[in-house]
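Participant: Quick one, fold the following:
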Amino acid sequence: MRVNARLDDETQKQLEYLVETTGESVSHVVRESVARYYDEVRSRQPTLKHFGRLIGKGHSGRSDIASNVKQYVAESLEAKHGLRRK
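Facilitator: All right, here's what the predicted structure looks like:
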């Protein structure tokens with residue numbers, strides 16, 4: 001797959017540093033970066049799948065928990081870990 005991406009100045013500097021320091025190509029650095037990010041995101045997924053069994057088990061008084069679980073989990077993770085939703 002061919003990728004064309006716009007990078008801000010800081011990201012461009014980081015990419016150039018990695019290329020220069022490692023002696024690897026831009027393509028290799030991008031592939032490695034995607035692979036590591038993919039592994040990081042995938043490693044977080046198994047813990048989220050267990051929420052499904054717990055949804056609706058409490059007594060929060062809210063009637064929309066089951067239908068909006070993804071939103072509430074995302075908001076909770078965002079608040080706790082500073083993660084941003086896209």
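Participant: okay, CA-based contacts and neighbour counts for the rest of this
Facilitator: Will do.
Participant: Assign residue 7 to helix, strand or coil.
Facilitator: Classification of residue 7 using DSSP: H, G, I helix; E, B strand; the rest coil returns coil.
Participant: show me the contacts for it.
Facilitator: The neighbourhood of residue 7, defined by C-alpha atoms under 8 Å, 6 or more residues apart in numbering, contains no residues.
Participant: quick one: it and residue 25, what's the gap?
Facilitator: 17 Å (C-alpha to C-alpha, to the nearest Å).
Participant: got it, and residue 15?
Facilitator: 10 Å.
Participant: now residue 82
Facilitator: 32 Å.
Participant: who has more neighbours, those two?
Facilitator: residue 25 (13 against 10; other C-alpha atoms under 10 Å).
Participant: which residues does that one contact?
Facilitator: Counted by C-alpha under 8 Å, 6+ apart, residue 25 has contacts residue 19.
Participant: residues near residue 34, how many?
Facilitator: With other C-alpha under 10 Å as criterion, residue 34 counts 12.
Participant: what about it, which SS state?
Facilitator: helix.
Participant: same deal with residue 17?
Facilitator: helix.
Participant: quick one: contacts for residue 18?
Facilitator: 24, 29.
Participant: Tell me how far it lies from residue 71.
Facilitator: 36 Å.
Participant: List the buried residues of the helix or strand of the chain with the lowest mean pLDDT.
Facilitator: Within the chain, no helix or strand scores below helix 69-81, which has a mean of 76 by mean pLDDT, DSSP states H and E. Neighbour counts over helix 69-81 (16 or more other C-alpha atoms under 10 Å) mark residue 75 as buried.
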